[in-house]
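Novice: Any chance you can model this:
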Amino acid sequence: MKSLIKHLLKARFIIWLPGLLICIAHVNAGDTFSPTNIKSTVSTSRFATTDNAFKNSASQYLTGQCTWYVYGRVMELVDKGDLDSSVYNKFRNAFWKRSGRDAQNWKNTNFLGGTWHCTNTQTLPMQYRRKGLVAVWTNSPHGHVGFVEEISADKKRYRLTDFNRRGKTQYRDKWYPFLGTR
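Specialist: Residues are numbered from 1 along each chain as shown. Reported below is the predicted structural model:
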């Protein structure tokens, strides 16, 4: 599987893939983000319901899917002022009322787009390791996406939150090394 880094210069994003893509958003100072209000499929947060591009509809049941969670988490953090306000428009324009929004497609020009750099032989460079990353796996039929809440002080590990990992429709919060995931 090819590994890629994507630089979305205008929106200050970067994506990385050695089995996993990571999209960096411009973030404000601080060690970690405030806790999410989206920890269950029955969350009443507006970012899990009315203000979520992946909310349930008559034709799709997306609540509890990874894309539903990450979209909601990003919008929640923009609203709190933890992510740059430009990220709101980038995500809304990329995903609202559009088809083909599977996690594996988030890197495509139809969604987040950008310029790509291959990382088959190296991990994400240290200068790009920070909270506010969006991790995208592309090695399954629909892919998977998670959100990086925190980076260790030595920048060797990241704390990822996600939903519906390995078919379990539940919230997950776990630390991983930058060299891969288990």
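
Novice: tell me the SS of the spatially most central residue of the chain?
Specialist: The chain has residue 134 as the residue nearest its centroid, 2.7 Å off, counting by CA atoms, centre = their mean. Secondary structure, DSSP: H, G, I helix; E, B strand; the rest coil: residue 134 is strand.

Novice: From residue 42, how far off is it?
Specialist: Computed as CB to CB, to the nearest Å, the residue 134 to residue 42 distance reads 24 Å. Where C-beta positions appear, they are placed from N, C-alpha and C, glycine not excepted.

Novice: for residue 131, same thing?
Specialist: 27 Å.

Novice: distance between the ends of stretch 135-149?
Specialist: Start-to-end span of stretch 135-149 (CA to CA, to the nearest Å) is 11 Å.

Novice: how about that stretch: buried residues?
Specialist: When neighbours are counted by 16 or more other CB atoms under 10 Å, the buried residues of stretch 135-149 are found to be 135, 136, 137, 138, 142, 143, 144, 145, 146, 147, 148, 149.

Novice: Among these, name the ones in strands.
Specialist: 135, 136, 137, 144, 145, 146, 147, 148, 149 (DSSP state E).

Novice: separation between the fourth one and residue 136?
Specialist: With distances defined as CB to CB, the gap from residue 144 to residue 136 amounts to 7 Å.

Novice: For these two, list the residues in contact with both.
Specialist: Common contact partners of residue 144 and residue 136 (CB atoms under 8 Å, 6 or more residues apart in numbering): residue 103.

Novice: Quick one: residues in contact with the strand or helix carrying residue 75.
Specialist: The secondary structure element spanning residue 75 is helix 66-80 (assigned by DSSP states H and E). Helix 66-80 has contacts (CB under 8 Å, 6+ apart) with 25, 33-34, 36-38, 45, 47-48, 51-55, 62, 83-85, 87-88, 91-92, 95, 101-103, 106, 132, 134, 144-147, 161-165, 171.

Novice: And stretch 72-90, end to end?
Specialist: Stretch 72-90 has an end-to-end distance of 13 Å (criterion: CA to CA).

Novice: all helices for the chain, in order.
Specialist: With DSSP state H applied, the chain shows helices at 66-80, 86-95, listed in chain order.

Novice: Now find how far off-centre the last one is within its chain.
Specialist: Yep, that's helix 86-95 we're talking about. 13 Å (CA atoms, centre = their mean, to the nearest Å).

Novice: now stretch 162-179
Specialist: Centre-to-centre, stretch 162-179 and its host chain are 12 Å apart (CA atoms, centre = their mean).

Novice: buried residues in that stretch?
Specialist: 162, 163, 164, 165, 171, 172, 176, 178.

Novice: Which of those residues fall in strands?
Specialist: Among these, the members falling in strands are 162, 163, 164, 165, 171, 172, 176 (criterion: DSSP E).

Novice: Which pair of those residues spans the longest distance?
Specialist: 164 and 176 (16.9 Å; CB to CB).

Novice: Thank you kindly, that will do.
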